[in-house]
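**Student:** Give me a 3D structure for the following:
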Amino acid sequence: QVQLVESGGGLVQAGGSLRLSCAASGRTFSTDTMVWFRQAPGKEREFVASINWNGGITNYLQAVKGRFTISRDNAKNTMYLQMNSLKPEDTAVYYCAGRPVLDSSSRSPGQYDHWGQGTQVTVSS
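**Tutor:** This is a model prediction of the structure:
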């Protein structure tokens with residue numbers, strides 16, 4: 001079983017940057033598809049970005065394309081989300097999640113088996 005822990009959230013002004021990390025333990029996650037979701041107050045959990053097992057395939061929510069970059073370092077069992085040009089509408093709790101398949105294009109939270117506890121990102125205007 002994989003345990004996931006997010007870090008790197010915080011308060012930032014609009015236009016600023018943050019880098020989120022998701023550290024995995026328990027077993028290697030190098031054969032998992034990993035994703036980032038976010039959930040703002042009163043809204044459903046929303047897909048943000050995904051990355052396949054070797055980093056060769058990534059997918060993004062249209063609203064974050066060109067601003068966010070997902071990456072992973074399998075040797076460190078860690079995934080990242082570099083967030084640039086942040087906007088107030090990016091404010092949410094960000095969760096990392098994974099499933100033990102090499103490639104997955106699913107954007108449904110129900111398809112992912114293991115989740116972190118979330119990290120708060122707040123963007124002020």
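**Student:** In contact with residue 33, which residues are there?
**Tutor:** Contacts for residue 33 (Cβ atoms under 8 Å, 6 or more residues apart in numbering) come out as 50-53, 98-99, 101-104. For every residue, glycine as well, the C-beta is placed using N, CA and C.
**Student:** hmm, try it at 7 Å
**Tutor:** 50, 52-53, 98-99, 101-104 (Cβ atoms under 7 Å, 6 or more residues apart in numbering).
**Student:** Narrow these to just the buried residues.
**Tutor:** Buried subset of those (neighbour count, 16 or more other Cβ atoms under 10 Å): 50, 52-53, 98-99, 104.
**Student:** So which of the residues you listed belong to helices?
**Tutor:** Within the buried ones among the contacts of residue 33, no residue falls in helices by DSSP state H.
**Student:** Output these in a markdown table, with pLDDT and distance to residue 122 appended to each entry.
**Tutor:** What follows is those, written out as a markdown table (pLDDT from 0 to 100; distance: Cβ to Cβ, whole Å):
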| residue | pLDDT | distance to residue 122 |
| --- | --- | --- |
| 50 | 98 | 24 |
| 52 | 97 | 30 |
| 53 | 96 | 32 |
| 98 | 96 | 25 |
| 99 | 94 | 28 |
| 104 | 87 | 29 |
